[in-house]
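In: What would the 3D arrangement of this be:
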Amino acid sequence: MSSGLAGEVPTAGVVTATPRPARPRVDQGVDHRLLASIDARRQAFVDRVLARPGVVVLLGGIDSGKTTLARLLLSVALAHGHEPVLVDLDLGQSTVGPPTTVGLRHLRSSEDLADPFVPDELYFVGSTSPRAHLLPLLAGTARLLQEARRRATLIVVDTSGLVAGTVGQVLKFHKLELARPRHVAGLQRGAELEPLLGVARRFTSAEVTALPVHPAVVATGAQQRAEHRRERLARYFSAPLHRYQVCPLGFMPPLPRGLDHSLLQGLLVGVNDRSGSCLGVGVLEHGVDALRLVTPASGAPSGLRLGSTRVDVDWRATGTDLRTLFRGG
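Out: Down below sits the predicted model:
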């Protein structure tokens, strides 16, 4: 950040130059565990971002190292006086907030970056996959980016691993439209992201950088990713919980008349206030006499957004089709 001090006005015959700041080094004040991910290309990318801060969008498939690159960039930014914002758009393998949501964390210290789980802003999408949920995902993306721009000049957007096919490319195109990035980095094996990076080059003014997936990246299987979701949900609901009796008229979409409320047992919901902000995530609990909301979110709930994810007592998540549910299960 600039100190706000201008160079002195030179007197006759004397030239006084304002000293140029030293070029930032990636290893200055950075978590040593991230240093293993640094190579010359990543060093150069980080240098360019710090020279021209703005919105940075990270693209890549599953297990491509997007989150590690995000942490590296954020760690360097913090070490050089920035207070950046992390916007996490990965519904299933979330860093900020629980799965089924997109979240924002304003980072003011290395401690914030070490564990950014607790969000400053949250938006409930209701699924651990973006497929069939593009509209609420993009609505949440727009809302978080608006808030991020209000908070910081350096914003790192960590996206999901859905990059292939028409759905992946259309989703990322609209995210780029909303983000209006200054920098885009694509982490790829071979040239797998070139079609998507071509979209970024043609439809945005961003500086687009292709980076190879780091050789140290370890692939995870479907079971590991499912266990990660379970652990994140269990952590989220380990906070002190509040229980509210639920009015059947308070849902979006509205519940069909005559719906058996026992079918809602274990369904995740977004908890909203009257301003339309997401207070947090809750789970529905069907008792003998009433339907209840269980949530760690504080504040008075005004409405509940039905999700398409159900959890069991161990916080294992499975997808649920609301259309089938509304037809009676």
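In: Quick check: bridge partners of Val156?
Out: Val56, Leu86 (DSSP bridges).
In: before we move on, what about Leu268?
Out: Bridge pairing for Leu268 - DSSP bridges - gives Val283.
In: In contact with it, which residues?
Out: By CB atoms under 8 Å, 6 or more residues apart in numbering, the contact set of Leu268 is Thr100, Gly126, Val281, Gly282, Val283, Leu284, Gly307, Thr309, Arg310, Val311, Ala317. (Glycine included, C-beta is placed from N, CA and C.)
In: Which pLDDT does the model give it?
Out: On pLDDT, Leu268 comes in at 98.
In: again, but for Ala17
Out: At Ala17, pLDDT is 38.
In: just Ser37 next, same as before
Out: So, for Ser37, pLDDT stands at 57.
In: circling back to that earlier point, with pLDDT and secondary structure as extra columns, can I get the contacts of Leu268 in a markdown table?
Out: Below are those laid out as a markdown table (pLDDT from 0 to 100; DSSP: H, G, I helix; E, B strand; the rest coil):
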| residue | pLDDT | secondary structure |
| --- | --- | --- |
| Thr100 | 98 | coil |
| Gly126 | 97 | coil |
| Val281 | 98 | strand |
| Gly282 | 98 | strand |
| Val283 | 98 | strand |
| Leu284 | 97 | strand |
| Gly307 | 97 | strand |
| Thr309 | 98 | strand |
| Arg310 | 98 | strand |
| Val311 | 98 | strand |
| Ala317 | 97 | strand |
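In: helices or strands up against whichever strand or helix holds Thr166?
Out: Using DSSP states H and E, Thr166 sits in helix 165-179. If contacts are counted by 3 or more CB pairs under 8 Å, 6 or more residues apart in numbering; DSSP states H and E, helix 165-179 sits against strand 55-60, helix 134-151, helix 194-203.
In: ok and it relative to strand 55-60, angle-wise?
Out: Orientation check (axes from the mean of the first three to the mean of the last three CA atoms, to 10 degrees): helix 165-179 against strand 55-60 gives 170 degrees.
In: If we go by neighbour counts, what in helix 165-179 is buried?
Out: For helix 165-179, a neighbour-count test (16 or more other CB atoms under 10 Å) marks Gly168, Gln169, Leu171, Lys172, His174, Lys175, Leu176, Leu178, Ala179 as buried.
In: Make JSON lines out of those and add pLDDT and distance to Thr204.
Out: Putting the buried residues of helix 165-179 into JSON lines (pLDDT from 0 to 100; distance: CB to CB, whole Å) gives the following:
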{"residue": "Gly168", "pLDDT": "94", "distance to Thr204": "17"}
{"residue": "Gln169", "pLDDT": "94", "distance to Thr204": "14"}
{"residue": "Leu171", "pLDDT": "96", "distance to Thr204": "15"}
{"residue": "Lys172", "pLDDT": "97", "distance to Thr204": "11"}
{"residue": "His174", "pLDDT": "98", "distance to Thr204": "12"}
{"residue": "Lys175", "pLDDT": "98", "distance to Thr204": "11"}
{"residue": "Leu176", "pLDDT": "98", "distance to Thr204": "5"}
{"residue": "Leu178", "pLDDT": "98", "distance to Thr204": "11"}
{"residue": "Ala179", "pLDDT": "98", "distance to Thr204": "8"}
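In: List the contacts of the helix holding Thr166.
Out: Against helix 165-179 from outside (CB under 8 Å, 6+ apart): 55, 57, 59, 89, 130-131, 134, 137-138, 141-142, 145, 157, 159, 162-163, 184, 195-196, 199-200, 203-204, 206.
In: ok, then the element right after that helix?
Out: strand 183-188.
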